[in-house]
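>>> how does the following fold in three dimensions:
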Amino acid sequence: MIEKVYKMTRDNVKTVEKLIFDENINYLHMIFNKGEGLPEHFSNSNVYMTVLKGILSIALDEQEIHEYSEGSVLKIPFKTKMNVGNKHDEILELIVVKAPAPVK
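Residues are numbered from 1 along each chain as shown. Presented below is the predicted three-dimensional model:
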């Protein structure tokens, strides 16, 4: 078999799973319920964030919180302060791609 297959969690509980973490990209799958999210941090690469389900509430650098619904794709530059979370009742599901893969 040439391809390698990865399976995402299909659940409604908080999930942050590293599906692909190699020298090319980091590919993450995240699920957040209302009030959940990531700790505030700075992006360690270019970040591409796809909203699969729900509404993403995100503050970047010193901006106010902006909200993005499913089907939205965000491109967030390297070294941007990020505050990512779900402020709504509906489950938030994201795919996050970091490219190039961050160098440790």
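
>>> correct me, but Val73 touches Tyr48?
Yes - here Val73 lies in contact with Tyr48, judged by C-beta atoms under 8 Å, at a distance of 6.7 Å. For every residue, glycine as well, the C-beta is placed using N, CA and C.

>>> quick one: contacts for Asp89?
Asp89 makes contacts with Lys34, as judged by C-beta atoms under 8 Å, 6 or more residues apart in numbering.

>>> how about it, secondary structure?
Three-state assignment for Asp89 (DSSP: H, G, I helix; E, B strand; the rest coil): coil.

>>> all numbers from here: first residue = 580
Got it, the first residue is 580 from now on, which makes the last one we talked about Asp668.

>>> check the secondary structure at Val630 for me.
Val630 - assigned by three-state DSSP - is strand.

>>> these two touch, right, it and Tyr647?
Yes - between Val630 and Tyr647 there is a contact under C-beta under 8 Å: 5.4 Å.

>>> flag every buried residue along stretch 669-679.
For stretch 669-679, a neighbour-count test (16 or more other C-beta atoms under 10 Å) marks 670-677 as buried.

>>> of those, closest to Ser622?
The nearest member of the buried residues of stretch 669-679 to Ser622, counting by C-beta to C-beta, is Lys677 at 7.8 Å.

>>> low-confidence bits of the chain, can you list those?
For the chain, residues meeting the criterion pLDDT under 70 lie at 683.

>>> all helices for it, in order.
Taking DSSP state H, the chain contains no helices at all.
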